[in-house]
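A.B. asks: Below: sequence and its predicted model.
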Amino acid sequence: MSKIQPLLTSYKMGDLLLKNRLVIAPMTRSRANNKDNAPTELHVKYYKQRASAGLIISEGSQISKRAVGYVNTPGIYSEAQVKGWKAVTDAVHKEDGKIFIQLWHVGRVSHPDFHNGELPLAPSALNPNSKSFTPNGFKDTVTPKEMTLEDIKTTIEEFKQAAINAKKAGFDGLEIHSSNGYLFHQFFNNSSNKRTDNYGGSIKNRARFFFEVLDEISKVFPQNRIGVRFNPSMHNSHGIDVDQETIPLFEYVIKTLNDYNLAYVHLSEPFTDVSKVKYAVKNIAKHFRPLYNGTLIINSKFDQEKGNSIIKNNLADLVAYGKLFISNPDLVERFEQNAPLADWDVATFYSDTGEKGLTDYPKYKSTYI
């Protein structure tokens, strides 16, 4: 009998029992091509096919119209969207799966094309000098509008309402997308936050908006059904740069989260080579594991062997897979059999190609034991 793989053991996450330690990472797929930006039967099929994962984290879902920044992404602010997501969660639950929704606000990584000509919102009026994937193709980002205190208050309420909608849609929990250069990350980072009020300057102030949103969402979902995601060593992307205060800020945030009873903290290893970036942490799991007492998810470019190793060495509790779950809907079963893995088609990741590259990847031909 073969040795049991750590990834394939069950895990108690708060009050949820996960059947294995494979997590589907949140991945934008740009298939909500309808006037409501609502999930469709394609989404139902896509997530149902992958329900053997221990936990699914949905693609990022904008909390309001002001939060959108990519074409054809599903939201969670309207009745049509709630109805569409309810069909998804019902399908996943029928397969004995667990699914969280990722709540998303892109902030300045948006474009006036999404907002009837109005500027996107951000902590400060600083252009990320990036590209925005608009309905009219890729366009240069613009200098955003610096959020007023009223804008901040409104956005906090939008996150809370999105959480209420997520509960109506039947999600088991939610993840706050506080990563990858989007709105929360923009508040965290010195290169994007030059505010002089209570939301800028000190590390505590730059983290304030995040914790205010977390506190409001905690009034809707139990904290053990709320996860958060960070990318501490993200550098030279979306206008975000690592400086001498970057890692200390994330250390402060993650240590403070020990006072909460969260479902998990979800961390990304560096997306790019940061070996020569002075203040960046090169090994995120190893650095932050000792700082956090709760469940830790790690992701970015893991394969079967590395995933099993990181669980075995207690550097994380769960491992999130992205591209491998795109092309291998039965990734859990393939890992069980040490079966070959299918390659993905990058050209269909974000394209409106319908089922192509979304739900047409076949399962492994062998009969599962």
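C.D. replies: Noted; the coordinates are in hand. Only a predicted model underlies this, so the values are computations on that prediction, with no experimental measurement involved.
A.B. asks: Just say helix, strand or coil for the residue nearest to residue 134 when sequence neighbours are not counted.
C.D. replies: Closest residue to residue 134 in three dimensions, ignoring its sequence neighbours and counting by C-beta to C-beta, 6 or more residues apart in numbering: residue 113, at 4.3 Å. (C-beta placed from N, C-alpha, C; glycine too.) At residue 113 the chain is in helix, as set by DSSP: H, G, I helix; E, B strand; the rest coil.
A.B. asks: And the one 4 residues further on, by the same measure?
C.D. replies: Secondary structure, three-state DSSP: residue 117 is coil.
A.B. asks: Could you check how far it is from residue 148?
C.D. replies: Distance from residue 117 to residue 148, counting by C-beta to C-beta, to the nearest Å: 19 Å.
A.B. asks: Which one's more surrounded, those two?
C.D. replies: Applying other C-beta atoms under 10 Å to residue 117 and residue 148 shows that residue 148 carries more neighbours, namely 11 against 7.
A.B. asks: What does the more buried one show for phi and psi?
C.D. replies: Here is the backbone geometry of residue 148 (degrees, to the nearest 10): phi -80, psi 170.
A.B. asks: I'd like the distance between it and residue 119.
C.D. replies: Following C-beta to C-beta, the distance that separates residue 148 from residue 119 is 13 Å.
A.B. asks: and residue 355, how many neighbours does it have?
C.D. replies: Residues near residue 355, counting by other C-beta under 10 Å: 13.
A.B. asks: Please apply the same query to residue 209.
C.D. replies: Neighbour tally, residue 209, other C-beta under 10 Å: 25.
A.B. asks: Which residue comes closest to it once chain neighbours are left out?
C.D. replies: residue 187 (4.8 Å).
A.B. asks: Could you report the pLDDT at that neighbour?
C.D. replies: We have a pLDDT of 98 for residue 187.
A.B. asks: which residue ranges form the helices in the stretch 51-200 of the chain?
C.D. replies: 79-94, 149-168, 183-188 (DSSP state H, counting those that start in this stretch).
A.B. asks: how about these, which one is nearest residue 325?
C.D. replies: For residue 325, the closest of those is helix 79-94, at 13.5 Å, according to C-beta to C-beta.
A.B. asks: Give the buried residues for that closest one.
C.D. replies: 80, 81, 82, 84, 85, 86, 87, 88, 89, 91, 92 (16 or more other C-beta atoms under 10 Å).
A.B. asks: swap in stretch 122-137?
C.D. replies: For stretch 122-137, by 16+ other C-beta under 10 Å, it's 122, 123, 124, 126, 128, 132, 133, 134.
A.B. asks: and if you look at stretch 304-322?
C.D. replies: Here stretch 304-322 shows 304, 307-308, 310-311, 315-322 as buried, counting by 16+ other C-beta under 10 Å.
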